[in-house]
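A.B. asks: One predicted model, sequence on top.
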Amino acid sequence: MDPNRFLTLLPKVEVIAVGEDTFLAAQDRVRSCELCDSRAITPFSSVIDELADRIEKIADYLLPEPAKCRNCDSPIIETTLVCFESRWERPPAVYYRDASRLKKPW
């Protein structure tokens, strides 16, 4: 039995060096980290994924330096859980009206 037979089934992981602009933009989106906010559930790498439009691909990021939490100034690496400002956070509220209750103009 070949021990490498399942390697082709594994996803390919890209290693990406994060540029200064992307790094600073990702750091600016962080509201808080796992050390100062118990609601932090998203890894910092997901913030970079969103900025780079890499939602469905797997990547390992190399940061130029640890990011800093805006709340507590703690260092943040790729796996640190954070709360961040996402462009997909919550859609605006949608209100529905019951059309059968509307007055008809005729």
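C.D. replies: Happy to help now that I have it. Numbering: from 1, shown residues only.
A.B. asks: would you say C83 is within a strand?
C.D. replies: Yes - counting by DSSP: H, G, I helix; E, B strand; the rest coil, C83 falls inside a strand.
A.B. asks: I'd say it and A40 touch.
C.D. replies: Yes - judged on CB atoms under 8 Å, C83 makes contact with A40 at a distance of 4.9 Å. Placement of C-beta: from N, CA and C, glycine included.
A.B. asks: Overlap of the contact sets of these two?
C.D. replies: S32, C33 (CB atoms under 8 Å, 6 or more residues apart in numbering).
A.B. asks: Kindly provide the distance from A59 to D21.
C.D. replies: When distance is defined by CB to CB, to the nearest Å, A59 is 17 Å away from D21.
A.B. asks: scratch that, I48 is what I was asking about
C.D. replies: Counting by CB to CB, the gap from I48 to D21 is 12 Å.
A.B. asks: okay, these two: which has more neighbours?
C.D. replies: I48 (23 against 9; other CB atoms under 10 Å).
A.B. asks: Secondary structure element holding that one?
C.D. replies: Assigned by DSSP states H and E, I48 falls within helix 44-51.
A.B. asks: Show me the contact partners of that helix.
C.D. replies: Contact with helix 44-51 is made by 18, 22, 25-26, 29-30, 54-55, 59-61, 67, 76-82, 84, 86-88, as judged by CB under 8 Å, 6+ apart.
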